[in-house]
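S.K.: One predicted model, sequence on top.
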Amino acid sequence: MTTTLTPDELETIFAKVCDPGDWKAPIEVWCRGEAVLPICEAIRFFTATEPKVELDTTRMRYLITSEGYRAGPAGDH
């Protein structure tokens, strides 16, 4: 996937969705539609995992989850 986001922009986004005390931990974040693509790109960039996206049609918001860096293919196994 090609992105127009810089590594610094991806880092800023990732810092908002990861656990600040353990960036390698699983990720679970709720967001609006316009934030889905940038958040997913940041998660891919920093964790080497493919985030899962689910839509809550009642509230029209998205749940993005990832197993996190530690449990992903590049993690501390």
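M.R.: Perfect, I can see it now. Only a predicted model underlies this, so the values are computations on that prediction, with no experimental measurement involved.
S.K.: ok, so what distance separates the most far-flung residue of the chain relative to its centre from residue 43?
M.R.: For the chain, the largest distance from the centre (Cα atoms, centre = their mean) belongs to residue 58, which lies 22.3 Å off. Remark: distance between residue 58 and residue 43 (Cβ to Cβ, to the nearest Å) = 24 Å. To be clear about C-beta, it is placed using only N, CA and C from the backbone, and glycine gets the same treatment.
S.K.: do the same with residue 24
M.R.: In terms of Cβ to Cβ, residue 24 sits 12 Å off from residue 43.
S.K.: What segments of the chain are strands?
M.R.: Applying DSSP state E to the chain gives strands spanning 27-31, 52-56, 61-66.
S.K.: Could you check how far residue 54 is from residue 77?
M.R.: 27 Å.
S.K.: So which of those two has more stuff around it?
M.R.: Counted by other Cβ atoms under 10 Å, residue 54 and residue 77 do not tie: residue 54 has more neighbours, with 10 against 7.
S.K.: For the more buried one, which non-adjacent residue is spatially closest?
M.R.: Excluding the flanking residues, the one nearest residue 54 by Cβ to Cβ, 6 or more residues apart in numbering is residue 63, at 4.7 Å.
S.K.: Can you give me the pLDDT of the one you found?
M.R.: Residue 63 carries a pLDDT score of 99 in this model.
S.K.: Please apply the same query to residue 21.
M.R.: So residue 21 comes in at 97 (pLDDT).
S.K.: tell me the contacts of it?
M.R.: Listed by Cβ atoms under 8 Å, 6 or more residues apart in numbering, residue 21 has no contact partners.
S.K.: Now the phi/psi pair for it, please.
M.R.: Main-chain torsions, residue 21, degrees, to the nearest 10: phi -90, psi -10.
S.K.: Find me the pLDDT at residue 27, would you?
M.R.: 99.
S.K.: What separation do you get for it and residue 46?
M.R.: Taking Cβ to Cβ, one finds residue 27 at 10 Å from residue 46.
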